[in-house]
Structures are given as C-alpha cells and as structure tokens.
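Q: Here is a sequence with its predicted model. Questions after.
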Amino acid sequence: MARKKQTRGACVYCGKEMTRGGLVRHLKTCNERKQAIASADEQKQGLRQYIYHLQVQNAWGGDYWLHLEMNGETKLNVLDHYLRAIWLECCGHLSRFSVGGGWGGREVGMGTITKRILQPGLTLNHIYDFGTESETLVKVVDVRTGRPTIPNPIALMARNEFDQPPCIECGKPANWLCIECLYEEDVGGALCDEHAETHPHDDYGSPMPLFNSPRVGMCGYDGPAEPPY
Ligand SMILES: [Zn+2]
Ligand SMILES: [Zn+2]
Ligand SMILES: [Zn+2]
Ligand SMILES: [Zn+2]
C-alpha cells in the first residue's frame, strides 16, 4: 500500500517547509528562532519563565498539527481557547484535558498553571465535545527558560499547510464538502468549485467550505480555523 504523503508546514521564523517531525528537530536549531529568543531575552519587558514547545496533532491521523510555544505562567484554559479558535469551536461544547488516553485518563483542571503540569515527554489529551468528540494530543517536546517572543501567552511556530483532498467527481483539489456524501456514501464528500455548484444533494444543506481543521464535517463546524492572534 502506498504510504500517504505527510502534510508539511513552514517554520514561521525562517520559512523553511518541513513535515511535523522534521520541525521538531528544526525548531531546536533554527537560527532565526534563536535570534528571536535572544532579542526577547534582552528586553526588560516580559516575565522570565518556563516556556514550552508543544507539538499538537489530531489524535486520529495526525495530518493536522501545530507547533506552539506556551508560557509556563499561564493557565491551561488559555490552550483550550487557542485550540477552539484555530480548530474546534462549533457550538460551545464542553472540553477537558487529561493525562492518559481518552476517558480513562486523569483529568487536569482548566485552571492549572501550565508549569505545574507540563514537562518534556508528557502528552496531554484534549477532548472537545463529549458527543461528537474531537480528540487532540498535546505533546511537550521541549522547554526553555526566558522571555516570550510575543506579548500573547501562546506563539504559533508552525502549522500544517492545508492539503486539499481530491474532488470525488473529477479529482481536482477540493474546496467544498458535501455532508450527505460524507455520512451516507462511502466516497467521502470533497468537491471542487465547479462540482460543488452542480452537486445534487441538499438533505444536510448545500456543500460546506473546507477548512484547515480536523473538525470539518463534525457537528456544525463551519470554520474559520484561524488562530486567535
Ligand atoms: Zn526555522
Ligand atoms: Zn457543535
Ligand atoms: Zn470536481
Ligand atoms: Zn453529496
């Protein structure tokens, strides 16, 4: 069986494109990132603290991923808000973090100061929506001590480029999704612009735009899959 091509994304500091795993190694040694950290550390503003490199991915598949840097002196709910904004939020469902998989894991409260729980090697599980679950893995890759490079508690260091699926009619890159095809047929429901216009199904509404989010096609998710800052 042909191995599926891994999604790639660019380092925000230097622009180099790599796979998720390649970026784990790259971000440790990227010269432009080192410079950004050095100039943050030289400034008088911003609290010196533990700052964590997090690798975030959807639990099933792992084609959607983020490399984040998160302050240790902030609460876990800041990460919950970030994940909702960039990937998950549809209708304000409940969410939880735990250590250990799924529902068997030990829950970690949203008010937890991150430095009290995070350490390299730890993986947190995040579940959004206890009905139509989206599960996310948050792996602590690394930690540094210093000042944050931006005023916000989380910095986006890299994100997968959106890999457009092929249209089920013609194979061209798709921008749309038919939810009826997705649920009722075995073909998936990706559609190009042209075939989205002429697609006959409307039991679940007309085709929805695709977003760079693992939540697409679940519950009422309709984007925009943008970071909060
Ligand atoms: Zn770089
Ligand atoms: Zn929902
Ligand atoms: Zn098409
Ligand atoms: Zn359809």
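A: Done, it's in. A quick note: this is a predicted structure, and the numbers were derived from the prediction, not measured. Ligands and ions are numbered 1, 2, ... in the order given.
Q: Can I get the one helix or strand in the chain whose mean pLDDT sits lowest in CSV? Just the C-alpha atoms.
A: Scoring the helices and strands of the chain by mean pLDDT, DSSP states H and E places helix 179-184 at the bottom, with a mean of 91. Extracted as CSV, the C-alpha positions of helix 179-184 are listed here (Å, rounded to 0.1, in the frame of the first residue of the first chain):
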residue,chain,number,x,y,z
ILE,A,179,-22.0,16.3,4.3
GLU,A,180,-24.6,14.0,2.8
CYS,A,181,-22.0,12.2,0.8
LEU,A,182,-19.7,12.1,3.8
TYR,A,183,-22.3,10.4,6.0
GLU,A,184,-24.4,8.4,3.6
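Q: Does it reach ligand 3?
A: No. Using Cβ under 5 Å from the ion, helix 179-184 stays clear of ligand 3, coming no nearer than 12.4 Å. Placement of C-beta: from N, CA and C, glycine included.
Q: And for that helix, what's in contact with it?
A: With Cβ atoms under 8 Å, 6 or more residues apart in numbering as the test, helix 179-184 has contacts from Ile168, Val187, Gly188, Gly189, His201, Asp202, Asp203, Tyr204, Gly205, Pro207, Met208, Gly217.
Q: repeat for stretch 43-50
A: The contact list for stretch 43-50, computed with Cβ under 8 Å, 6+ apart, reads 40-41, 71-73, 115, 118, 143-148, 151.
Q: got CSV for the contacts of helix 179-184, with secondary structure, pLDDT and distance to ligand 2 too?
A: Below are the contacts of helix 179-184 laid out as CSV (DSSP: H, G, I helix; E, B strand; the rest coil; pLDDT from 0 to 100; distance: Cβ to the ion, whole Å):
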residue, secondary structure, pLDDT, distance to ligand 2
Ile168, coil, 95, 25
Val187, coil, 84, 24
Gly188, coil, 88, 21
Gly189, coil, 93, 18
His201, coil, 93, 21
Asp202, coil, 88, 21
Asp203, strand, 89, 19
Tyr204, coil, 88, 14
Gly205, strand, 89, 14
Pro207, coil, 93, 19
Met208, strand, 93, 13
Gly217, coil, 90, 12
